[in-house]
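Visitor: Pasting the sequence and the predicted model now:
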Amino acid sequence: MIPINIPKIGEEEIQAVVRVMRSGMLTSGLGAGPKVSEFEKNYSLFAGVKHAIAVNTGTAALHAAIMAAGIKAGDEVILPSFTFVATAEAVVLAGGKPVFADIDPETYTLSPKAIQKAVTKKTKAIVPVDLYGLPADIKPIRQIAAKQGLAIIEDCAQSHGATCEGKPAGALSDLACWSLYAAKNIGTGEGGVVTTDNDDLAEKVRMVRTHGEKVKYSSLMLGTNYRMTEIQAAIGIVQLKKLPEFFEKRTKNANRLTKNLEKSDKLKLPPKLENCKPSWYLYTVRIINATAKTRNNIIEQMHQKGIGAEAYYPTPVHQMPYYKENFGKFNLPETEKAASQVLSLPIHPGVNEEQIDLIAKSLLQLI
């Protein structure tokens, strides 16, 4: 089976972990051990911002950022439903109310027009998601946020290496949240990072990460334990150095797949945007006019051919039982249509040219 994504770990990561194990320094009470601090410094340079705060999961990054932005009970947060559930989950964990807005059918990211319609007096923040590695349309979102006095917390879980308007993904938002889950473009097994240029927000995220403390045993605000371990950070330092190589291979694979698939009039391929470059976390196509049943059958047949195609995400968050029961109904036609028609194909650095051609040939035969 050619997996949809797989961590690419080498001897360098293994030796980095061994060195940490031998040092005896596995974690730090305030979350800033030597390896974590080194990783944070390197990550802030990569992200093009002043601060990077390392945490233990991507979900923790989202929750810590939302808490730092001051979201509390009764506050509304606008976000897409076409995303992994963690985006909405973090809002609810902070006491906020998720308000789901529709997506742009071309990019699958949050529609600025839909955001504008969803804003109320209770709205406090917008959480755009860089889906499949394509940065959200931040410029118009910033205009809306500035006019309404809203925070922008960008979910960059899938966009390591992506750029928009000449800047790294997340650099134009108040806070950006990254995942280092094993299947991401770079990974530490589990792990996450919050990046920001705002000194005050950075300090609050650091306090949330370690029980609301700036010094041990003295909580200044509500927090939790979201510390990254020294082992995770050691892996992250190595992975970050390898990201340019990973990005280049993903881009080559994506370009080859596009060349093979663009002959079909039954597929809508990933968009080409002048001002943004995707990270190619996932190569996602839409089967034009397909039903969910048809799409699912094609995925199953791809699996039978040894190709790990997957649907991200077949059930939008607003249709999940918990969110439907607690936050009401939302009219999101573009979200629901995309959820029934998209499928993602493997293009990670472990996929070779011969496999790319096989993936394309198999999909074209099936449609």
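Guide: Sure, I can see it.

Visitor: In the protein, spot the helix with the most residues.
Guide: Criterion DSSP state H: the longest helix present in the chain is helix 230-261.

Visitor: Just checking: what are the partner strands of the next helix-or-strand element following that helix?
Guide: The C-terminal neighbour of helix 230-261 among helices and strands, as given by DSSP states H and E, is strand 267-268. Here strand 267-268 is paired, per DSSP bridges, with strand 283-287 (antiparallel).

Visitor: Also compute the angle for the strand it pairs with relative to helix 230-261, please.
Guide: If you take axes from the mean of the first three to the mean of the last three C-alpha atoms, to 10 degrees, strand 283-287 sits at 40 degrees to helix 230-261.

Visitor: okay, now the domains of the chain?
Guide: For the chain, automatic domain parsing gives the domain ranges 11-238, 243-366.

Visitor: I'd like to know the average pLDDT value across stretch 180-192.
Guide: The average of the pLDDT scores along stretch 180-192 is 97.

Visitor: ditto for stretch 34-50
Guide: On average, stretch 34-50 scores 98.

Visitor: re earlier: got the domains of the chain as CSV, with distance to residue 2 and mean neighbour count columns?
Guide: Backbone N, C-alpha and C define where each C-beta goes, glycine included. Formatted as CSV, these follow (distance: least, C-beta to C-beta, whole Å; neighbours: other C-beta atoms under 10 Å):
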stretch, distance to residue 2, mean neighbour count
domain 11-238, 14, 21
domain 243-366, 5, 17
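
Visitor: Residue 4: which of those is closest?
Guide: Nearest of these to residue 4, taken as C-beta to C-beta: domain 243-366 at 4.3 Å.

Visitor: Local confidence estimate at residue 311?
Guide: 98.

Visitor: go on, residue 31?
Guide: 87.

Visitor: Test my guess that it contacts residue 208.
Guide: No: using C-beta atoms under 8 Å, residue 31 is not in contact with residue 208; the gap is 10.2 Å.

Visitor: Find residues that contact each of the two.
Guide: Common neighbours of residue 31 and residue 208, using C-beta atoms under 8 Å, 6 or more residues apart in numbering, are residue 226.

Visitor: ok, back up a step: the longest helix of the chain packs against which elements?
Guide: helix 11-23, helix 34-47, strand 51-55, strand 283-287, helix 353-366 (3 or more C-beta pairs under 8 Å, 6 or more residues apart in numbering; DSSP states H and E).

Visitor: nearest to residue 197, of these?
Guide: Judged by C-beta to C-beta, the one of those that comes nearest to residue 197 is strand 51-55, at 7.1 Å.

Visitor: got the angle for the closest one vs helix 34-47?
Guide: If you take the same axes, to 10 degrees, strand 51-55 sits at 130 degrees to helix 34-47.

Visitor: The helix or strand where residue 88 lies packs against which elements?
Guide: Per DSSP H and E, residue 88 falls inside helix 86-93. Judged by 3+ C-beta pairs under 8 Å, 6+ apart, the packing partners of helix 86-93 are helix 58-68, strand 76-80, strand 97-101.

Visitor: correct me, but residue 327 touches residue 91?
Guide: No: judged on C-beta under 8 Å, residue 327 makes no contact with residue 91 at a distance of 9.9 Å.

Visitor: okay, and the common contacts of the two?
Guide: Contacts common to residue 327 and residue 91, judged by C-beta under 8 Å, 6+ apart, are 97-98.

Visitor: still on that earlier bit, so for residue 3, which of the domains of the chain sits nearest?
Guide: Across the domains of the chain, closest to residue 3 is domain 243-366 (C-beta to C-beta), at 4.5 Å.
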